[in-house]
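Peer 1: From the sequence below, what's the structure:
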Amino acid sequence: MKSYKALGAAVISVVLLAGLGACGTTDEPASQESGKDSAASSHPAPFDVSGIKKDDAIAALVPKSVSDDGMFTVGMETTYAPGEFVGKDGKTPIGYDVDLSNALAQVIGLKPKMASASFDAIIPAIGSKYDAGISSFTITKEREQAVDFVSAFKAGTAFAVQKGNPKNLNDSDLCGSKIGVQTGTMEEQAADKLAKDCKAQGKKDIEVQSYKLQTDAATAVMTGKIDVFYADSQVTGYAIKQTDGKLEQLGKDSDVVLQGIAIKKGDKQMVETMQKAMQKLIDDGTYSKIMEHWGVQSGAIDKAEINPEVAD
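Peer 2: Sure thing, here's the model as predicted:
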């Protein structure tokens, strides 16, 4: 998962086809389009947050250090669809984390500013360069030593198959199937392990096929070249949405971890602001609408928590 990238895992990249505007700036060049997405017709337009009203009580909590310039500046690495990536122009951030950032800005009465940066550079700059980091950060005990978190999403891994599961596959036993993964991802390692387990048990072999692009793996399932697509749960959900029902999820999300909004360590005012703003969006239904808009509703949470308990 991208969320583990700072701990050594590879970032998932997805090719870009189309996207519409959102408010954004860049600290460094954003990723460029790499070609057509054969598994999708287009990316969704950003979710419209213009109707969200400022919450005066929550806005009053915003620290002066954040509100002085009138901006809510969010650091994110824009190479991870559908969370945060760039649109057709090669520089404008789009994705569910972008929509969520824009919605949070509306609640606290500030203008949103998305700043694209390398993933590992975001956390050290929170509180100086960025007011928050919203970039599919997995909440870990190690990271909680450097920043505070407000939970915002839960991510795992998930399988997808052709609609109707014509081969009657079972996610608990994929021996004998062909599994497609993106090269260099944790799912590739996990699929290789599944293949070894099948061989050790004397069952039919799993054939693991590695693709440079996630979209190529998803297309291979649609066309019957392989049986299963295996990726991060939000990537799988997005692929299902983008293929207009030609794919469906097999089983439930697994290896689920919490992701969150990273905030300057010890900034109690800003942490409280983000927690209350997140919870407001959850309670009024805006949050779930954003998640559904991007096909990632399986990762939706129902409670925004400050520095939630997480495993080592």
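
Peer 1: Give me the three-state assignment for the spatially closest residue to residue 50 that is not a sequence neighbour.
Peer 2: Nearest non-adjacent residue to residue 50, counting by C-beta to C-beta, 6 or more residues apart in numbering: residue 106, 7.8 Å away. Quick note: C-beta positions are derived from backbone N, CA and C, even for glycine. Here residue 106 is helix, with the state taken from DSSP: H, G, I helix; E, B strand; the rest coil.

Peer 1: give me the number of residues near residue 106?
Peer 2: 22 (other C-beta atoms under 10 Å).

Peer 1: if I pick it, what's in contact with it?
Peer 2: Counting by C-beta atoms under 8 Å, 6 or more residues apart in numbering, residue 106 touches 49, 50, 52, 53, 54.

Peer 1: For residue 154, see how far away the second one is.
Peer 2: For residue 50, the distance to residue 154 under the criterion C-beta to C-beta, to the nearest Å works out to 28 Å.

Peer 1: do the last one as well
Peer 2: For residue 54, the distance to residue 154 (C-beta to C-beta) stands at 28 Å.

Peer 1: the more surrounded of those two?
Peer 2: Legend: neighbour count by other C-beta under 10 Å for residue 54 and residue 154, higher for residue 154 (18 against 13).

Peer 1: so where do the strands sit in the stretch 51-200 of the chain?
Peer 2: Taking DSSP state E, counting those that start in this stretch to define them, one finds strands in the stretch 51-200 of the chain at 71-76, 85-86, 93-94, 111-116, 132-138, 147-162, 178-182.

Peer 1: Out of those strands, which one sits most buried?
Peer 2: Mean neighbour count (mean count of other C-beta atoms under 10 Å) peaks for strand 93-94 among these, with a mean of 30.

Peer 1: Can you give me the neighbour number for residue 68?
Peer 2: The tally of other residues near residue 68 (other C-beta under 10 Å) stands at 9.

Peer 1: Tell me how far it lies from residue 131.
Peer 2: 11 Å.

Peer 1: Averaged over its residues, which helix or strand of this structure has the lowest pLDDT?
Peer 2: One helix or strand of the chain scores below all others by mean pLDDT, DSSP states H and E: strand 24-26, with a mean of 40.
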